[in-house]
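Trainee: this is a predicted model, with the sequence first.
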Amino acid sequence: MTTNIPQLTQLAAWQALEAHYSKIRELHLRKLFADDPQRGIRMTVEAAGIYLDYSKHRITDETLRLLLQLTEESGLRARIDAMFQGEKINVTEKRAVLHVALRTPKGQSIVVDGEDVVPQVHTVLDKMADFSTRVRSGVWKGHTGKPIRNIINIGIGGSDLGPVMAYEALRQYSQRDLTFRFISNIDGTDFAEATRDLDAAETLFIISSKTFTTLETMTNAHTARDWTLKTLKEAAAVARHFVAVSTNAGEVGRFGIDTANMFEFWDWVGGRYSMNSAIGLSTRIAIGPDNFRALLDGAHQMDEHFRTAPFERNLPVLMGLLGIWYNNFFGAETLAVLPYEQYLKRFPAYLQQLTMESNGKRIMLDGTEVKYQTGPIYWGEPGTNGQHSFYQLIHQGTKLIPCDFIGFVQSLNSLGRHHDLLMANMLAQAEALAFGKTPQEALAESIPAWLVPHRCFEGNRPSSVILLERLTPAALGKLVALYEHSVFTQGAIWSIDSFDQWGVELGKALAARIIPELEKGSNCQLMHDSSTNTLIERYNRSSE
Ligand code: G6Q
């Protein structure tokens with residue numbers, strides 16, 4: 001593939017940013033705030049119901065000006081337009097990238113290969129609405145006539161992390177008399193524990209797999225079929241207890257699922273960008289069609305903001321640029337995502353795939369190697385739990401770790417003072433990271449001189465505060481789209497393909513080679529390296 005891409009490090013804006021970085025690298029947030037009493041008011045943006053305070057970042061107006069210049073010189077606007085217009089921007093897989101179409105309202109159009117995809121999206125959404133209403137109301141019965149009470153999504157990666165995260169995030173809106181479980185791991189423990197207390201006659205499996213060939217998912221799907229038939233005996237039971245979400249009707253049919261019970265999506269929806277597609281079927285059953293619609297509407301609002309807002313007021317663009325500033329100039333290797341909302345406990349895990357599978361690349365669109373760092377490591381845990389574990393390193397360690405704090409003004413479970421205490425902690429952490437505690441301040445607290453070095457906080461540790469009103473389905477849609485587009489912004493500037501994932505292939509191929517070597521009675525001659533051979537021999541000896 002030959003593509004004309006800008007040589008990032010040669011751009012005037014990049015070089016100006018390098019010079020600017022060497023001037024302001026030591027500048028402390030204490031000084032930046034002291035010099036500008038309006039900073040915490042000025043350096044904020046509000047859009048689509050999300051308030052972003054980016055004042056506690058190690059930036060000046062000049063930093064922002066140069067980062068915005070970088071978007072111009074690197075052609076970000078054209079890349080955004082290309083995505084929304086359905087161009088095949090996933091160049092290594094020759095595919096369009098249109099998760100935004102999944103939340104485009106009826107009546108609008110996005111054309112791929114001469115075909116408007118929006119009506120297809122709504123046909124599937126309508127089919128999902130009808131099916132989820134029948135399951136929720138008990139009209140959809142199992143093989144013995146009992147209503148379905150348990151819904152198990154079997155999928156992995158993009159066909160699991162979005163559904164799990166969304167179910168946990170929106171539990172408050174879920175139909176509480178239904179039980180939802182998610183099986184992803186090929187480790188049999190995952191299946192065994194998810195099903196041990198369930199009655200097969202009341203259990204519906206959603207087999208979620210874009211390709212319908214993924215080893216983990218197909219192994220779990222076959223185990224699920226055996227588990228179901230062990231109780232229900234007749235093969236006809238499969239039709240009442242299994243539905244599929246896939247792009248591969250042939251394999252779905254071969255598995256024995258009636259393709260009338262298949263919910264379709266398309267190759268222009270990447271796995272990690274698929275939670276708004278039929279992959280969200282479990283979410284839709286859990287929260288109902290209206291709430292699911294609100295989730296899509298929220299995401300669409302953020303899509304429109306990203307597509308149309310000027311970059312200096314554009315939330316995903318600003319977040320993406322701040323990430324580049326730390327990743328490429330300060331050399332920060334990671335970013336912590338810290339939701340102060342228990343329902344978002346799986347959000348960091350979801351973001352890990354979204355960000356790292358998208359931007360963990362070293363080859364550019366033209367096939368040459370990057371000369372700069374790309375995607376940082378994302379990680380995190382909900383507050384306040386993280387405060388009692390790893391925050392020590394963020395406050396006083398030797399590494400620079402920018403943080404995203406995510407909080408909500410209203411709690412979904414208001415219990416006494418809990419929410420005020422939660423939010424006080426979030427705000428205090430951002431404040432402590434930014435401003436720290438000086439030796440003078442420590443001494444003024446009568447801390448003995450010998451202890452002062454241990455009790456000081458240098459501060460100047462950057463963070464964003466992302467504040468929303470309330471965790472609703474719409475708010476979740478906006479948050480997800482915010483991060484999706486921030487990942488897009490970074491990938492576009494780094495000139496990498498954020499939508500492929502070739503890095504997962506080699507391990508899969510090698511596993512396929514090892515599988516027969518671990519099977520009982522196998523006499524394969526082992527041809528690996530000495531380490532792998534010895535480990536295989538040891539495993540085979542012990543498992544005999
Ligand atoms: C995501 C990846 C990957 C994928 C899984 C499951 O972007 O493509 O995580 O979602 O490997 O694939 P299937 O849905 O095809 O089973």
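Mentor: On my side now, so go ahead. Residues are numbered from 1 along each chain as shown.

Trainee: residues contacting whatever residue of the stretch 251-400 of the chain ends up closest to the ligand?
Mentor: Per C-beta to the nearest ligand atom, Gly271 is where the stretch 251-400 of the chain lies closest to the ligand, at 2.4 Å. C-beta coordinates here come from the backbone N, C-alpha and C atoms, glycine included. Gly271 sits next to 157-159, 210, 501 when contact means C-beta atoms under 8 Å, 6 or more residues apart in numbering.

Trainee: can those go into JSON lines with extra columns for pLDDT and neighbour count?
Mentor: Below are the contacts of Gly271 laid out as JSON lines (pLDDT from 0 to 100; neighbours: other C-beta atoms under 10 Å):
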{"residue": "Gly157", "pLDDT": "98", "neighbour count": "20"}
{"residue": "Gly158", "pLDDT": "97", "neighbour count": "25"}
{"residue": "Ser159", "pLDDT": "98", "neighbour count": "28"}
{"residue": "Lys210", "pLDDT": "95", "neighbour count": "25"}
{"residue": "Gln501", "pLDDT": "97", "neighbour count": "21"}
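
Trainee: pull out whichever of these are also neighbours of the ligand.
Mentor: 157-159, 210, 501 (C-beta under 6 Å from any ligand atom).

Trainee: out of those residues, which sit inside strands?
Mentor: Using DSSP state E, no member of the ones next to the ligand among the contacts of Gly271 sits in strands.

Trainee: farthest pair in these?
Mentor: Ser159 and Gln501 (13.1 Å; C-beta to C-beta).

Trainee: which SSE is the spatially most central residue of the chain in?
Mentor: Central residue of the chain (C-alpha atoms, centre = their mean): Leu351, 2.9 Å from the mean position. Assigned by DSSP states H and E, Leu351 belongs to helix 347-352.

Trainee: is the following helix or strand past that helix anywhere near the ligand?
Mentor: Per DSSP H and E, the first helix or strand lying C-terminal to helix 347-352 is helix 358-359. No. Counting by C-beta under 6 Å from any ligand atom, no contacts exist between helix 358-359 and the ligand, the nearest distance being 8.0 Å.

Trainee: ok, and what's touching helix 358-359?
Mentor: Contacts for helix 358-359 (C-beta under 8 Å, 6+ apart): 272, 374-375, 487, 490-491, 494, 496, 498-499.

Trainee: from those residues, pick the one nearest Asn220.
Mentor: Arg272 (19.5 Å).

Trainee: still on that earlier bit, does the ligand have contacts with the helix holding Leu351?
Mentor: No. Judged by C-beta under 6 Å from any ligand atom, helix 347-352 and the ligand are separated, with a smallest distance of 11.2 Å.

Trainee: can I get that helix as PDB, trimmed to CA atoms?
Mentor: The C-alpha coordinates for helix 347-352 follow below in PDB (Å, rounded to 0.1, in the frame of the first residue of the first chain):
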ATOM      1  CA  PHE A 347     -14.700   0.500  31.800                       C
ATOM      2  CA  PRO A 348     -10.900   0.400  32.100                       C
ATOM      3  CA  ALA A 349     -10.700  -3.200  30.800                       C
ATOM      4  CA  TYR A 350     -13.000  -2.100  27.900                       C
ATOM      5  CA  LEU A 351     -10.700   0.800  27.200                       C
ATOM      6  CA  GLN A 352      -7.600  -1.300  27.200                       C
END
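
Trainee: list the helices and strands it packs on?
Mentor: Packing contacts for helix 347-352, counted by 3 or more C-beta pairs under 8 Å, 6 or more residues apart in numbering; DSSP states H and E, involve helix 161-169, strand 334-339, strand 377-379, helix 473-494.
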